[in-house]
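*Asks:* Turn this into a structure:
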Amino acid sequence: MKAVLLLAVAALVASALATVWLDDDLTKPGWESRWITSSWKQADGTAGKWDLDAGTYATDPKKEAGLHTSQDARFYAIAQKLAQSFSNKDKRLVVQFSVKHQQNIDCGGGYIKVLPDTTDLANWNGDAPYNIMFGPDICGPGHKIVHFILNKKGENRLIKKNVAAESDEFTHVYTAVLNTDNTYAIYVDGEKKQDGAIEEDWNILAPKKINDPAQSKPKDWVDDPQIDDPSDVKPADWDNVPAEIPDANAKKPDDWDADLDGEWEAPKVPNPDYRGPWRAKRISNPAYKGPWVHPQIDNPEYKPDSTLHAFDNNGVVGIEIWQVKAGSIFSNFLITDDLDLALTRAKALDKVRDGEKALKKTADDKAAAEAEAASKNAEEAEKEDL
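*Replies:* The predicted model follows:
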C-alpha cells in the first residue's frame, strides 16, 4: 500500500514539475488572434486561406475542429508565438500535433515547424530559418514519410531513417522527442516507430573514423574470386557452326525476276545449333584474398557535441506547406517536456479516430446501398420500356 502511495506521489510531483510551453486543441475561442496568417504569397494570389473545420467525419464538430486548408494548389503559412521562449538544453523536448487528411491527400505537406521567437509571424515563409521541422509529407504512392529535420551548423539536416506516414482520411498524432542525452524518438498515434542516437541518425558531425590516406590497395592484391580455367580449351570445330542459317521453309516467290531482283537467296534465321562465343569455364581463384578493406583511423576533424538535441531559442510553432489538394486539419498542438502527458493525449485520440472510421463506414454503406437501388431501378425501368 505504501509503495502504491509513493508511486502516486511521485507521479504527481513529476506532473507538477513538467513544463508545457504550448497546449492548443483549437477549442479555445479566438484562434485567429493566436494563429497569425502570413502575408507570404498573398500578393501573387497563391496563398491559401485557413479556416476552422472538423471535417466530414466528426463525432463532435466543436471539439474536433482544427486549422483547415481550404483551397487547392496553394501555399499555406500560419504560426503562433509561444507564451515563453525557451532552450531545451537541459530539458527533454516533446513536440506533438494531430493532422487529418480528410481530402485523401495525394500530394502535400502535413508537417509543422518550431522556430525562434525572432520570427516575423506576419511575413514568415519557407525561407525563414527554423529549429525543427517534423511531420508527414506525402506525394504519390512512393513518398509517404515522416520528416524530422534539425537545423544544425547552419544547415537543415534530414533524418536518415524512414518512418512511414499515415495517408488515410482520419486523425493521426505525430510526436517528436529530443532527449538531453542526444537521443530521439518518433511516435505515431502514441506508438513508437523509431528511436536512436542523433549522432548516428543525422549527418551533423564529421565521422569518427575515416579511411587512412596513407594506405591504398596493394597492386598485387587479388580480389577476383574466380578465373578462367587454364585447362579448358576451345574445341577445334567451335567456330564452324554459324550463328544464322538459310530458312529451309522459305520459298522463292513466284513473281521473282532474277534479271530485276538478282539471284534469290533464302532469308536467314537463327541457327539452333549455334553455341555463341566460346568462353573458358570459370573456376575458383586459388590466389583470391577477398575484398580489400581500407584501414581506418580516427578522424582528426571529429569533435563530439553533447548539445545535438538542443536549441537555444524555441519560441514559435508554425505550419508552412504546399498542398495540391486541400482539406488537411491540424490540431492538438502540444510542446512540453512531459512525454507521458503527450502519449496519454495521443492515445486519447484513438477514440476520435475510431469514431471517424465508424461514421465513414456508415456513409460508405449508405452510398453503396443507394447506388445499388439506383442500378436496380434503372434495370426495372429498362425492362418496362421493352
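
*Asks:* so where's the stretch 1-150 of the chain shaky on pLDDT?
*Replies:* Within the stretch 1-150 of the chain, the set of residues satisfying pLDDT under 70 comprises 1-16.

*Asks:* so where do the helices sit in it?
*Replies:* 2-17, 31-34 (DSSP state H, counting those that start in this stretch).

*Asks:* what ranges do the strands span in the stretch 51-200 of the chain?
*Replies:* 66-69, 74-86, 93-101, 107-109, 112-115, 132-139, 144-152, 155-158, 171-178, 183-188, 191-197 (DSSP state E, counting those that start in this stretch).

*Asks:* Buried residues, the second one. List them.
*Replies:* Neighbour-count burial for strand 74-86, with 16 or more other CB atoms under 10 Å as criterion, is recorded at 74, 75, 76, 77, 78, 79, 80, 81, 82, 86. C-beta: built from backbone N, CA, C; applies to glycine.

*Asks:* Roughly how far does the closest residue to the fourth one other than its chain neighbours sit from residue 97?
*Replies:* What that stands for is residue 77. Excluding its sequence neighbours, the residue lying closest to residue 77 (CB to CB, 6 or more residues apart in numbering) is residue 38, at 3.8 Å. Separation of residue 38 from residue 97 (CB to CB, to the nearest Å): 18 Å.

*Asks:* before we move on, the earlier item: which of the buried residues of strand 74-86 sits closest to residue 165?
*Replies:* Taking CB to CB as the measure, residue 165 lies nearest residue 76 of the buried residues of strand 74-86, at 17.8 Å.

*Asks:* Run a quick check on that closest one versus residue 321, I expect a contact.
*Replies:* Yes: the pair residue 76 and residue 321 qualifies as a contact (CB atoms under 8 Å) at a distance of 5.2 Å.

*Asks:* center of the chain - which residue?
*Replies:* residue 145 (1.3 Å; CA atoms, centre = their mean).

*Asks:* now that residue, which residues is it bridged with?
*Replies:* residue 137, residue 164 (DSSP bridges).

*Asks:* Please apply the same query to residue 74.
*Replies:* Taking DSSP bridges as the rule, residue 74 bridges to residue 323.

*Asks:* can you pull the contacts of residue 289?
*Replies:* 221, 222, 223 (CB atoms under 8 Å, 6 or more residues apart in numbering).

*Asks:* Go again with 6 Å.
*Replies:* Shown in contact with residue 289 (CB atoms under 6 Å, 6 or more residues apart in numbering): residue 222.

*Asks:* Need phi/psi at it.
*Replies:* phi -110, psi 0 (degrees, to the nearest 10).

*Asks:* neighbours of residue 315, just the number please.
*Replies:* Counted with other CB atoms under 10 Å, the neighbours of residue 315 add up to 19.

*Asks:* For the closest residue in space to residue 301 that isn't next to it in sequence, give me its contacts.
*Replies:* In space, and not counting its chain neighbours, residue 301 is closest to residue 206: 4.3 Å by CB to CB, 6+ apart. Going by CB under 6 Å, 6+ apart, residue 206 touches 299, 301, 302.

*Asks:* Which among these count as buried?
*Replies:* So, by 16+ other CB under 10 Å, none of the contacts of residue 206 is buried.

*Asks:* with these in mind, which one is nearest to residue 293?
*Replies:* For these, the nearest to residue 293 is residue 299 (17.1 Å; CB to CB).

*Asks:* what about that closest one, distance to residue 209?
*Replies:* Residue 299 is 6 Å from residue 209, by CB to CB.

*Asks:* again, but for residue 153
*Replies:* 20 Å.

*Asks:* now do residue 55
*Replies:* 51 Å.

*Asks:* Now do the same for residue 229: its pLDDT.
*Replies:* Listed pLDDT for residue 229 reads 93.

*Asks:* To what extent is it buried, counted in neighbours?
*Replies:* Quick note: residue 229 (other CB under 10 Å) scores 12 neighbours.

*Asks:* before we move on, what about residue 124?
*Replies:* 23.

*Asks:* For it, give me its contacts.
*Replies:* residue 38.

*Asks:* In three-state terms, how would the most far-flung residue of the chain relative to its centre be classified?
*Replies:* The C-alpha centroid of the chain is most remote from residue 259, which lies 71.9 Å away (CA atoms, centre = their mean). At residue 259, secondary structure determined by DSSP: H, G, I helix; E, B strand; the rest coil is helix.

*Asks:* didn't residue 252 look like it was pressed against residue 265?
*Replies:* No: applying CB atoms under 6 Å as the test, residue 252 and residue 265 come out as separate, 9.1 Å apart.
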